[in-house]
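Trainee: With the input below, show me the fold.
(4 chains)
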2 protein chains.
Amino acid sequence: MESTSSKHAQRSQATRAALVTAARQLFAERGYAGVGTEEIVRAAGVTRGALYHQFRDKADLFDAAVQAVEAEVTQRIATQVLATAADPVQALQAGARAFLDIFAEPELERILLLDAPGVLGWQRWREIGADHGLGVITATLEAAIAAGALASQPVRPLAHLLLGALDEAALMVAHAEDPEATRAEMAAALERLLEGLLAPRGTETSDSAP
Amino acid sequence: MESTSSKHAQRSQATRAALVTAARQLFAERGYAGVGTEEIVRAAGVTRGALYHQFRDKADLFDAAVQAVEAEVTQRIATQVLATAADPVQALQAGARAFLDIFAEPELERILLLDAPGVLGWQRWREIGADHGLGVITATLEAAIAAGALASQPVRPLAHLLLGALDEAALMVAHAEDPEATRAEMAAALERLLEGLLAPRGTETSDSAP
DNA sequence: GCAGATTACGTGCAGGCTGTATGGACATCA
DNA sequence: TGATGTCCATACAGCCTGCACGTAATCTGC
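Mentor: Numbering: from 1, shown residues only, chains lettered A, B, ... in the order given. Model (predicted):
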């Protein structure tokens, strides 16, 4: 019985979806503090009563919007990378480039990189990311280690470092006067960083027991 | 003396300082949105009238607080690094460790890394950082290139990537269940990242212990 | 050293925004 | 069919920010 959708549940889900869609749009355009709940519900075609019935508070709605955007971004990156992923190393390089491409839209940057940490807190922010962007990076790094392209090492710390670098790179591109040139610059710098990391230093660590 | 400091200017500076000090403390403790102007002026021993005379709005006061904290952090890192800086490479490594040490205080993390980007916007945030943390990294990287320890390349992109990685590392340490262990983990990962970057390709890297 | 101008600050007010309490409409179930 | 719970609309209270206006202290020109 996939989705028992009683009429109540159906209606609930519809208004939830309408609210999240409207919130996504508006928060992305003008930031969390820049848009009030009244405007959101008007755009969604419901009232504030519905909002506070479906969500604990404004931040809870923002949380749902962030999840939706994260999921879509990860989806887009994954497909874009899978198209050119021969081996884990190329996947990392392609992933970095796709990341910069996608965050060219300044709306994503606003909601995911600028407001989310402050509104949701870092813990919750990365908790959401763990199911999406951070998870993809971690998996790819593990694949690279398994393939012998990367020295065996703890992947979680490295994944976070790379994600931090990627976030900053995306923000630079998004705010650059010449986004095209900056994107190329950042991609080159990222490539150098990854190359230094991936270069097997004389020894091929084939495998190690976990 | 050089500063004629009329009584007006003197008094202005005093209230400004009192406001910035109080704001720093409170914003660091409970975040930008979590503390109102009334509480700040009470802690500073002035009234809201004084605040809005000295600063354009609440965000402007926050800006001043961020500047103060940034300056102090950079100062602390600089002295801590200069104590052990033999060459640019060691300066980078020492700087990274000092960064993690100092951001162990969760209050710095709150005001500088979580709230600042959202409240001030990324442009203004990095504009402040350019005079402090980002500037130090850039200078050190240029020194490393001049010393031949790093391949000649654009430093600004690389400096941003490293700062992004450092910020994320600091946030991880600040929120870890076991900060000591996490700090060691992140320091190790950062060291690997820097080593791969600094190793000039072509010269055999003298062995590094597995 | 005094009158007017400027600076620094105190206070009351209006507008907006969030969260909650209350009531009604509709679906589900006995 | 009546009872009950879900979903939602609306009115209200509280808080907070920014501004207008008033006041006292300081500076300037004579």
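
Trainee: A:Leu197 touches B:Glu191, doesn't it?
Mentor: No - using CB atoms under 8 Å, A:Leu197 is not in contact with B:Glu191, being 11.7 Å away. Bear in mind the C-beta positions are built from the backbone N, C-alpha and C, glycine included.

Trainee: Compare those two (neighbour count), which wins?
Mentor: Comparing A:Leu197 with B:Glu191 by other CB atoms under 10 Å in any protein chain shown, the one with more neighbours is A:Leu197, at 23 against 15.

Trainee: which non-adjacent residue is nearest the more buried one?
Mentor: In space, and not counting its chain neighbours, A:Leu197 is closest to B:Gly196: 4.6 Å by CB to CB, 6 or more residues apart in numbering or on different chains.

Trainee: isn't there a helix covering the one you found?
Mentor: Yes - the assignment for B:Gly196 by DSSP: H, G, I helix; E, B strand; the rest coil puts it in a helix.

Trainee: is the worst-scoring helix or strand of chain A on mean pLDDT anywhere near chain B?
Mentor: None of the helices or strands of chain A scores lower by mean pLDDT, DSSP states H and E than helix A:106-108, at a mean of 90. No - applying CB under 8 Å from any CB of the partner chain, one finds helix A:106-108 out of contact with chain B, separated by at least 9.9 Å.

Trainee: Just checking the distance from that helix to the centre of its chain.
Mentor: Remark: helix A:106-108 is offset 12 Å from the chain centroid, using CA atoms, centre = their mean, to the nearest Å.

Trainee: In terms of secondary structure, what does that helix contact?
Mentor: helix A:7-30 (3 or more CB pairs under 8 Å, 6 or more residues apart in numbering or on different chains; DSSP states H and E).

Trainee: Buried ones in the helix it packs on, by neighbour count?
Mentor: Within helix A:7-30, the residues that qualify as buried are A:15-16, A:18-20, A:22-28, counting by 16 or more other CB atoms under 10 Å in any protein chain shown.

Trainee: Can you lay out the residues you listed as JSON lines showing distance to DNA strand C and pLDDT?
Mentor: Below are the buried residues of helix A:7-30 laid out as JSON lines (distance: CB to the nearest atom of the strand, whole Å; pLDDT from 0 to 100):
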{"residue": "A:Thr15", "distance to DNA strand C": "13", "pLDDT": "97"}
{"residue": "A:Arg16", "distance to DNA strand C": "16", "pLDDT": "98"}
{"residue": "A:Ala18", "distance to DNA strand C": "17", "pLDDT": "98"}
{"residue": "A:Leu19", "distance to DNA strand C": "13", "pLDDT": "98"}
{"residue": "A:Val20", "distance to DNA strand C": "16", "pLDDT": "98"}
{"residue": "A:Ala22", "distance to DNA strand C": "13", "pLDDT": "98"}
{"residue": "A:Ala23", "distance to DNA strand C": "11", "pLDDT": "98"}
{"residue": "A:Arg24", "distance to DNA strand C": "15", "pLDDT": "98"}
{"residue": "A:Gln25", "distance to DNA strand C": "15", "pLDDT": "97"}
{"residue": "A:Leu26", "distance to DNA strand C": "11", "pLDDT": "98"}
{"residue": "A:Phe27", "distance to DNA strand C": "11", "pLDDT": "98"}
{"residue": "A:Ala28", "distance to DNA strand C": "16", "pLDDT": "97"}
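
Trainee: Identify, from the residues you listed, the entry nearest to A:Leu51.
Mentor: The shortest approach to A:Leu51 among the buried residues of helix A:7-30 belongs to A:Leu19, at 6.0 Å (CB to CB).

Trainee: And for the closest one, nearest residue in space, chain neighbours not counted?
Mentor: Nearest to A:Leu19 is A:Ala44, by CB to CB, 6+ apart, at 4.9 Å.

Trainee: burial of that neighbour, as a residue count?
Mentor: Close neighbours of A:Ala44, defined as other CB under 10 Å, add up to 21.

Trainee: Tell me who's in contact with it.
Mentor: By CB atoms under 8 Å, 6 or more residues apart in numbering or on different chains, the residues touching A:Ala44 are A:15, A:18-19, A:21-23.

Trainee: swap the cut-off to 7 Å and go again
Mentor: A:18-19, A:22 (CB atoms under 7 Å, 6 or more residues apart in numbering or on different chains).

Trainee: What of A:Val119?
Mentor: A:32, A:59, A:62.

Trainee: could these go into TSV alongside distance to A:Leu162?
Mentor: Formatted as TSV, the contacts of A:Val119 follow (distance: CB to CB, whole Å):
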residue	distance to A:Leu162
A:Tyr32	27
A:Ala59	28
A:Phe62	26
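
Trainee: Counting neighbours, which of those comes out on top?
Mentor: Neighbour max across these (other CB under 10 Å) = A:Tyr32, 24 neighbours.

Trainee: Would you mind confirming that that residue is in contact with A:Asp63?
Mentor: No - taking contacts as CB atoms under 7 Å, A:Tyr32 lies outside contact range of A:Asp63: 10.8 Å.

Trainee: In chain A, mark out all the helices, start to finish.
Mentor: Taking DSSP state H, the helices of chain A run over residues A:7-30, A:37-44, A:48-54, A:58-82, A:88-102, A:106-108, A:116-120, A:122-130, A:133-146, A:155-175, A:179-198.

Trainee: Please identify which of those helices is closest to DNA strand D.
Mentor: Closest to DNA strand D of the helices of chain A is helix A:48-54 (CB to the nearest atom of the strand; 2.2 Å).

Trainee: Can you point out the buried residues in the closest one?
Mentor: For helix A:48-54, using 16+ other CB under 10 Å, the buried residues are A:50-51, A:54.

Trainee: Could you name the helices and strands sitting against that helix?
Mentor: helix A:7-30, helix A:37-44 (3 or more CB pairs under 7 Å, 6 or more residues apart in numbering or on different chains; DSSP states H and E).

Trainee: With distance to A:Ala181 as added columns, please give those in CSV.
Mentor: What follows is the helices and strands packed on helix A:48-54, written out as CSV (distance: least, CB to CB, whole Å):
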stretch, distance to A:Ala181
helix A:7-30, 25
helix A:37-44, 36
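
Trainee: residues from chain A in reach of DNA strand C?
Mentor: For chain A, the contact set with DNA strand C under CB under 7 Å from any atom of the strand comprises A:6-8, A:36-38, A:48-49, A:52, A:57-59.

Trainee: From these, which one has the minimum pLDDT?
Mentor: Among the residues of chain A next to DNA strand C, A:Lys7 has the lowest pLDDT, at 77.
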